[in-house]
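# Curious how this folds, go ahead:
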Amino acid sequence: MKAVLCLFLVSVLCVFQAHGETPDVQIIGPEYPVLEGDDVTLECSSSSDSDMRHFAFQKYSKWMNRWFELDTVRYFRCWYYNLNVSREGGRLLMQLNDVSEWQKGPYRCVSSDDNFTDVVVSENFTFTVYYLRDIYLQRANSWSPSVADYLLVEEGSDVEIKCSASADQEPFYEWSKEFSDWSWEYDTLTLTNVDRSDAGMYTCTAYHSDMPSIVKKKTFQLRVVPKSSSISFAGLSLGDILLYFVAPTVSLLLLVITLIVFIIRHRRRQMKKPQISLIETEKRTPIYKGSSQSVCSTTSDTQPLVM
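Coordinates of the predicted model:
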């Protein structure tokens, strides 16, 4: 029985050998965390091709919904300017410089050599790109939400500043105040009924969820001024009214005045140009060739003259 089973296995192997080989093709990539801006090297290897001349790298495009080949001289070089494919020493390598999140993959290695009956495709390879970008501060319930290096508020006001950062995963946020042990482990800083003691430097720190070494910070200075008896309307101070209503109105008025002055000057230039009187044009009667006066004729002359 064992002899029959061995004979069967040998026969199956011979059939596969007659119809072509099925090599072991794989992509070897980084096994460490990849940060945005790092350099990444991928290698395509095969158990049957020593120089890898019949293999190529491919990347899947979600936008085009298909796989396309990556090469040094063809296909989307404007998009993949930081990519280089090389074949040196029998190795097929792809170098990605200053990698971005959208270049994480998937990638695969493909061969369509005539030595194999079917197209040989490796398993897909995708690496994770960790990133945490700049922090943005925004003030809630304000006509001007962006927060600059300092923020002026009146005593008794409420302040609500939201801290946000772009990352591959939702980061952790923490607020702190300079020269103080106070901290707030939320993304939004909330201060109610502020007074002079609330003034100072506030810093929002964002920590990556899986990579604590990736940290971003943003600082602004809170300045508290005495509450003035200035005119306010609908919760807006006099400064807000000047900034959001008076300034645009004055700018529009200046634009209209400039346009009116331009039109008046243009009309004056038109009036100064010499004009031909209608009376003078009536005196210029058409005559025929060889005649000093106009004559009546039933036939038309194609070349009238004007005196």
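# For Phe261, which phi and psi angles does the backbone take?
For the record, residue 261 is Val, not Phe. In terms of degrees, to the nearest 10, the main-chain angles of Val261 are phi -60, psi -40.
# and Leu151, what is it in contact with?
Shown in contact with Leu151 (Cβ atoms under 8 Å, 6 or more residues apart in numbering): Arg139, Val159, Ile161, Phe220, Gln221, Leu222, Arg223. Any C-beta I mention is one placed from the backbone N, CA and C, and that applies to glycine too.
# Name the member of the residues you listed with the most neighbours.
Among the contacts of Leu151, the one with the most neighbours (other Cβ atoms under 10 Å) is Ile161, at 23 neighbours.
# which SS class is Pro248?
Classification of Pro248 using DSSP: H, G, I helix; E, B strand; the rest coil returns helix.
# Asp39 versus that one, what's the distance?
Pro248 is 50 Å from Asp39, where distance means Cβ to Cβ, to the nearest Å.
# got it, and Leu191?
On the measure of Cβ to Cβ, Leu191 and Asp39 end up 44 Å apart.
# before we move on, the earlier item: put together JSON lines for the contacts of Leu151, with distance to Pro171 on each row.
Rendered in JSON lines, the data for those read as follows (distance: Cβ to Cβ, whole Å):
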{"residue": "Arg139", "distance to Pro171": "20"}
{"residue": "Val159", "distance to Pro171": "22"}
{"residue": "Ile161", "distance to Pro171": "16"}
{"residue": "Phe220", "distance to Pro171": "19"}
{"residue": "Gln221", "distance to Pro171": "23"}
{"residue": "Leu222", "distance to Pro171": "23"}
{"residue": "Arg223", "distance to Pro171": "28"}
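# Shouldn't Met94 be within a strand?
Yes - secondary structure assignment places Met94 in a strand (three-state DSSP).
# That one: neighbouring residues, count only.
Here the count is done by other Cβ under 10 Å, and Met94 has 23 residues near it.
# Would you mind listing the residues in contact with it?
If a contact means Cβ under 8 Å, 6+ apart, then Met94 has Thr41, Leu42, Glu43, Cys44, Phe57, Leu70, Leu83, Asn84, Val85, Ser86, Tyr107 as its contacts.
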